[in-house]
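Student: pasting a predicted model and its sequence here:
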Amino acid sequence: MKLLKIHPVGDRILIRHAEDKEQIRGGIVIPDSAREKPQEAKVIALGSGRKNKDGTTTPFAVRVGDTVLVASYGGAEVKLDGKKYTLVREDDILGLLA
C-alpha cells in the first residue's frame, strides 16, 4: 500500500467504507444522495491513541486492516487522491467483523 498523505492524531481512526452496489427498488435507481451510508468499513490508519488523565496512552482495540462496523453518520469525510475516506473516533466504532 502506498504512503497516505494523512495521519490521524489522538484517538482518531482513518477508515474506508465498503463499496456499496447500485441500489434499485421497483425498477427505480436510487441516487447517491438518497442512499444509506454503508456501516462496514476497513481500517486504513490509526492515530496515537487516547490520552488518559494521568498522561498514559490507551492502545486501540482495532488494528490496520480490520473490518469494522461504524455508526451511520459518525466521523468526518475526507477525499484523498480521488478516494473517499472517513475520520472517526474510536467511540464511533460499534464492533469488529470476523
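Tutor: In hand now; what should we look at?
Student: so the most centrally placed residue in the chain is in which element?
Tutor: With distances taken as CA atoms, centre = their mean, the chain has Ile15 as the residue nearest its mean C-alpha position (2.9 Å). Taking DSSP states H and E as the criterion, Ile15 maps to strand 12-17.
Student: who's in contact with that strand?
Tutor: Contacting residues not belonging to strand 12-17 are listed as 4, 6, 8, 37-38, 40-47, 60, 62, 68, 70, 75, 83-90, 93 [CB atoms under 8 Å, 6 or more residues apart in numbering]. Just so you know, the C-beta spots here come from the backbone N, C-alpha and C atoms, and that holds for glycine as well.
Student: excluding its backbone neighbours, what's nearest the residue nearest to the centre of the chain?
Tutor: Ala41 (4.0 Å; CB to CB, 6 or more residues apart in numbering).
Student: give the pairing partners of the helix or strand containing the one you found; include direction for each.
Tutor: Assessed by DSSP H and E, Ala41 sits inside strand 40-46. As defined by DSSP bridges, the strand partners of strand 40-46 come to strand 12-17 (antiparallel), strand 67-70 (antiparallel).
Student: any stretches of this structure with poor pLDDT?
Tutor: 1-3, 20-27, 29-38 (pLDDT under 70).
Student: apart from its neighbours in sequence, what residue is nearest Val9?
Tutor: Once flanking residues are discounted, Val9 sits nearest to Gly47: 5.0 Å by CB to CB, 6+ apart.
Student: what distance do you get for that neighbour to Ile93?
Tutor: Distance, Gly47 to Ile93, by CB to CB, to the nearest Å: 13 Å.
Student: those two: who's more crowded?
Tutor: Shown here are Gly47 and Ile93; by other CB atoms under 10 Å, Ile93 has more neighbours (22 against 18).
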